[in-house]
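# Next one to model:
(chains A, B, C and D)
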Amino acid sequence: MSLLNGKRINGVTVRHDKNTKNAVTTPIPLPQRVTIPMQQHMGVPCKPLVEVGDRVLVGQKIGDTEHLFAAPVHSSVSGEVEALTEIVLPGGKRSQAVVIHADGKQEEFPHKTPTITTAQDFFTAVRRSGLVGLGGAGFPAHMKLAYKDVERLDTLVVNAAECEPYITSDYRTCIESAEDVFDGIEAVMHFLGLTHCFIGIEKNKPEAIEKLGKICKADSRIRVVPLPARYPQGAEKVLIYQTTGRTVRAGSLPADSGVMMQNVSSIAFLADYLRRGRPLIERFITVDGTAVERPGNYSVPVGTSIREVLEYCGGFEKATQILSGGPMMGSAVADPEMPVTKTCNALLAFTEPEDFALSATDCIRCGRCTAACPMGLRPGMLEDAYDKRDTAQLRALSVTLCVGCGSCSYVCPAGRPLSQKNVLAKDLLRKEGN
Amino acid sequence: MKNREIFLRGLLKENPVLVMLLGTCPTLAVTTMALNGIGMGLATTFVLLGSNVVISLLKRVIPKEVRLPCYIVIIAGFVTLVGFLLERYLPALNQALGLFLSLITVNCIILGRAEMFASKNSVGKSALDALGMGFGFTLALFCMGAVRELIGAGTIFGIDITFGVLEPMLIFILPAGGFFVFGCLIALVNRLTKGRAAERRSQADGCAGCPAAGACGGCEEVAK
Amino acid sequence: MEALIVSQSPHRHSGVTTPVIMRDVLIALIPALIASVVFFGPRALLVTAVTTASAIFFEYAYRRLMHRQQTVGDLSAAVTGVLLAFNLPVSIPLWIAVIGSFVAIVVVKQLFGGIGKNFANPAITARIVLMVSFAVHMTNWTEPFAYLHPQAEAVASATPLAVLAGSEGTLPSPLMLFLGNCGGCLGETSALALLLGGAYLLYKRVIRPHIPLAYLGTVALLTLPFGVERMATYLFSGGLAIGAIFMATDYTTSPITGKGKIIFGIGCGLLTVLIRQFGSYPEGVSFSILLMNLLVPYIDIWTAPRPFGLTRDKKKKEKTKTAVEGDQTPIRPLRDVLRPTAVLCVVVVLIAGALLATYRVTRVEEETGLTEALISELTELVPQGADWEELQPPASPENATITRCFGSSAGHVYEVVTKSYGGDLTLLVGITPEGVSGVSVTETSDTPGLGSKAADEGFLSQFAGRKGEITVAKNKATRDSDIVAVAGATISSRAVTTAVNAALAADSELGGDGE
Amino acid sequence: MREMMIILVSAVLVDNFVLTKFMGICPFLGVSKKVDSAAGMGVAVTFVMVMATLCTYPVYTLLLVPFGLQYLNTVSFILIIALFVQLVEIILRRFVPPLYQALGIYLPLITTNCAVLGVTLLNITEEYTFAQSVVNALGAGIGFTIALLLFAGVRRRLEAANPPKPFSGMPITLISAAIVSLSFLGFSGVVENLFG
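As a prediction, the model looks like this:
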């Protein structure tokens, strides 16, 4: 913690392993079959709108729900619906899914470019596009916009930090579709009447900073903010504080402090969607790891099975551990047949797991976890409180503020499962009705 | 409770110091030498015997409301009596015990036994209980004194047994050593009785009688 | 390919594990070890090996005996062993070093549950236990390079700290101190080697700079008024360097947050200067670190980090009052109160009366003046002295007070009270025309076994026959007016000498040879 | 004035009532589990010690000494303390209920507390003047409270420790007390030299 510059958010320095930095995003060959789950977002799962045997086109809506807190699901291939099944997603949740047999023609559904005048139209358009936070959280994008009194929102923060090791998909978006990013920002600021925008990018991506900086010079309201490359720079509250200086108070949403945050890829997709009206049906993901022969960035239709993607990149046979997402917050894949969903931004395959199974030894009270926690919590004490199931103490130590970035477990010399215990503690509090 | 049972209970099963954790102040303070330990033990036994007998004699006379001050005065009386005797016949021991001789008055054991036993039982039984508890106390103090003197000064009852070879560890004479040896002795008792001592302390009646039952250390385990 | 390995996020670890940290600490201790061997010879290596081996053995045996997960692998026992060795003089008997390891590993650390559970720093506590138990062995320092000329009789030199605290000896220049060319414990003398090790630890981020800087900074600040040269001597002497860099920064026994570490460092600095300047133990570092260890729980509470985005009002814990329902006892009618108080008064009167009677019977004549016991003692001091009578005590010099004075045919005896190590010291000094005929200590409050040795016959017999001013020498009587002080109890020996000198002065003033 | 300071500081640091003179060990081991109960106990003991000295010293000098009844001091002191505590309890409960709620449960404990009787008797054996006795009582009380608070902090750490079965509970607490009293040794000699 350097005492010199202002209040510095805690964090850890992690090896970047950004070896797919210069890999241009290339599409993978069309899979024969896609399995599109109905729950690819945080919120209420969708219900399938098609029957077995129906013919669907690329970008046709195949699942929706009347609930606001959900994002509709579209087909990424043209073909015939083969089956309606149930699968277990990487995060462990069960969900219905539509299996579509691709006919190879990839016939596009007649998309209409949305006409938007008021904020309300913008909100319905974004919802129709099926866009979810592409940073990995999967929070339906329109929910962030749909703020009753939009006037209080004044700033847009674009998250291009991408602090997870290996992943370079956002970086590639900044390089390959910088114009889209600019147009997207302009659109969002126009429709929501925002006054200024900050783009947070870690210093280990100079080309992205330089490119976006050049393009965004056109609008003085937009500022590119280079940030120290410290994990978890991309965490919502951390990035908002580092770029705008505003502290999102405990228990409140960023919108309460007048800020809306969007992932840079979401903004880029939004710009494309506002032009062509084509919903979110493919994902630019990074494929990397010690088992992968051809690591790189690939655009993958939503629903393609993980095995297929890895086989194409030559990383399936030797893999003993496959991660969906980054090594810090990603989840391990148990069944390679599971599909790539909207929220997956990377697939990592390793010949053997990175961190040898550490047997947890006694805590030596070294304070590294407290120094690492960006939310200023005391993971060591949280673990004791959880072991004793002392919910009062858990609440007193504000475990609900934990963003699950994993920094504490990463630095713990005794290899104790600190961030995992926080997840359990939050469930315990939720079960008890916090 | 047969008489023999009353006596033995005080000595081993419910040893006032090592099991019930009463009277810890003198146990730590005067046990720098085995001789002092025994001296203190016997003086306390004398006072305990005297007060138990007198209190069980007067148990009907003393009204409920003022029983505490009465007991305390009777005990103080006996303590002063012991003070006279020691001053006259054993000045060296009196010098060694010093202040702690008069602190026997506030020793929880005596007050506890008076409250719990003497005020409810016959004179004979009270006397036996007093002797049992008294000798239990002396035994505990003797152990403490012996260990501390042996390791701390290399002597036993004042006789040097280090033959110039072994060097005594002075710290056992100091207060720190007192705490340490006392802790180890209780641990040993816990180990020997395989934890029964700990439970017995928790449902012991000796503590309930002590007016400070609510907040005193030994009895906290009762409350737990 | 076989089933995939599934583990919970995060799936990556920094690689810094407890054994890695402890290995780095051991590496950081190597320069100091080399310096100790250079200055104090191969025995330094032997002592370190013994303490480390016994520390590891005790931890291994304890964990096995208690059927607990074996933790010898985390090398923390080895670190404690080496650190303990660095706190012992090189001439320490090996069995004492092993006792030190036992205390450090079993009593202070494992009994509390092993690494992370102990509240006191094992090596520091062990050093204090040894310092208190074997004061003589722990305070006999050998000169650096003394091992090069073994035939010369090992001269026990005073450490810079002892010289600072007033005992004779030349004060090495700060440079010499910095390099470590001075008396002291095995590993603590060479500040250069320790700072080297400290730099390594900072570089490997094993320790954070807060505690060493705060600690050394506070000591430097407090000793600056005595002049820069004196400050440097203060900083590089005694156990300050090893204490601030290796002992105070022990994870388990120091605060967790940066702010807490700074408070801890400042606290240690204050206490060290307080104890070194005023206390009777020359080395204040170990006591101050142990005392601050006790405050760590509170420091951790005061300097707890405030969770991100938690404003002040949310943080204030509402004080849950534990209500003790006050039972409103009704005012009882007078009669109920009267009877018990009456009985109480009767009991009190009875007891007082009984005591009054027994007191008369066992009254001990309280003679003032000369009891036979006192007379026999006086004749012991002044042989053939007869028909003693108490005289008016003469005026006493400023550093001692003469409380009583007895005259007899053959000489006088003065009862003198003077200030010593632990408090007041009362002596009886017998003086005849030929000079001091006998000295006996009636009451001493010095630490038993150390200061009290100044009351033994061996030491007191040296005064017999002396007439003029008597002086105290540390080990060998160089001048004929010298007497040799009791090893390790110079302060008490000096106190006895001042008392005897006071008696001699009073006697000469009383008019020559005491008729 | 210098004499007073020496008495006060030595009662607090060097011969601390609990850690070196071994008085008041029962409440020291019992009540120091929680920090606020330790503070409450400390304040209550200090209050009673000072008040007890105020009562017992005049009784001793004006009543017992003239009649040559010095040997009755133990009886009279313990009686005064017992009645005094009873009195305080009634007054507090009636007139200052909040203070009673804070200190109420500790008051009965103080009658059987070696430290309180010890202080009053010590004032006599050390032949202190009246002012010195009060200062000594105050120092003893503060020393007792400091030791109690310090130990309460240590016991918070003890809750996380897991000693072997026979050592859990009181034995490990006693060993921690040993280490705490060891650290107080560091202050020996500080008082005399500090005040010249």
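# Could you use CA atoms for every contact and neighbour count after this?
OK.
# can you list the residues of chain D near chain C?
Proximity of chain D to chain C is confined to D:72, D:93, D:97, D:100-102, D:104, D:150-151, D:153-154, D:156-158, D:160-164, D:167, D:172, D:179-180, D:182-191, D:193-194 under the rule C-alpha under 8 Å from any C-alpha of the partner chain.
# 7 Å - rerun?
Within chain D, the positions near chain C by C-alpha under 7 Å from any C-alpha of the partner chain are D:93, D:101, D:150, D:153-154, D:157, D:160-164, D:183, D:186-190, D:193-194.
# and the strand or helix carrying C:S440, which residues are buried?
For C:S440, the enclosing helix or strand under DSSP states H and E is strand C:435-444. Counting neighbours by 16 or more other C-alpha atoms under 10 Å in any protein chain shown, one finds that the buried residues in strand C:435-444 are C:435-441, C:444.
# Using PDB, write out every CA atom in that strand.
Extracted as PDB, the C-alpha positions of strand C:435-444 are listed here (Å, rounded to 0.1, in the frame of the first residue of the first chain):
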ATOM      1  CA  GLY C 435      38.500  -1.200  61.100                       C
ATOM      2  CA  VAL C 436      35.500  -3.100  59.900                       C
ATOM      3  CA  SER C 437      35.000  -6.200  62.100                       C
ATOM      4  CA  GLY C 438      31.800  -7.600  60.500                       C
ATOM      5  CA  VAL C 439      29.000  -6.900  58.200                       C
ATOM      6  CA  SER C 440      25.500  -8.600  58.100                       C
ATOM      7  CA  VAL C 441      22.600  -7.900  55.900                       C
ATOM      8  CA  THR C 442      19.300  -7.800  57.900                       C
ATOM      9  CA  GLU C 443      16.800  -7.100  55.100                       C
ATOM     10  CA  THR C 444      17.200  -7.100  51.200                       C
END
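# does any part of it sit near chain B?
No - judged by C-alpha under 7 Å from any C-alpha, strand C:435-444 stays clear of chain B, getting no closer than 12.3 Å.
# Skip ahead from that strand and say which helix or strand is next.
helix C:457-461.
# Only the buried residues of that next one, if you could.
Neighbour-count burial for helix C:457-461 flags C:459-460 (criterion: 16+ other C-alpha under 10 Å).
# Just the C-alpha atoms of that helix, please, in PDB.
What follows is helix C:457-461 as a C-alpha-only set of coordinates in PDB (Å, rounded to 0.1, in the frame of the first residue of the first chain):
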ATOM      1  CA  GLU C 457      29.200 -14.700  53.700                       C
ATOM      2  CA  GLY C 458      31.800 -15.000  50.900                       C
ATOM      3  CA  PHE C 459      31.100 -11.500  49.600                       C
ATOM      4  CA  LEU C 460      30.800  -9.800  53.000                       C
ATOM      5  CA  SER C 461      33.900 -11.300  54.500                       C
END
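# and B:V222, what pLDDT?
In the prediction, the pLDDT value recorded for B:V222 is 35.
# what stretches of chain A score poorly on pLDDT?
Counting by pLDDT under 70, chain A shows low-confidence ranges at A:1-7, A:90-91, A:146-150, A:356-358, A:434.
# Next, name the residue at the spatial heart of chain B.
Centrality entry for chain B: nearest residue to the mean C-alpha point is B:F137, 3.8 Å, by C-alpha atoms, centre = their mean.
# Is it correct that that residue is in contact with B:M40?
No - using C-alpha atoms under 7 Å as the test, B:F137 is too far from B:M40 to be in contact (9.1 Å).
# Intersect the buried residues of strand C:435-444 with the contacts of chain A.
Counting by C-alpha under 7 Å from any C-alpha, no member of the buried residues of strand C:435-444 is near chain A.
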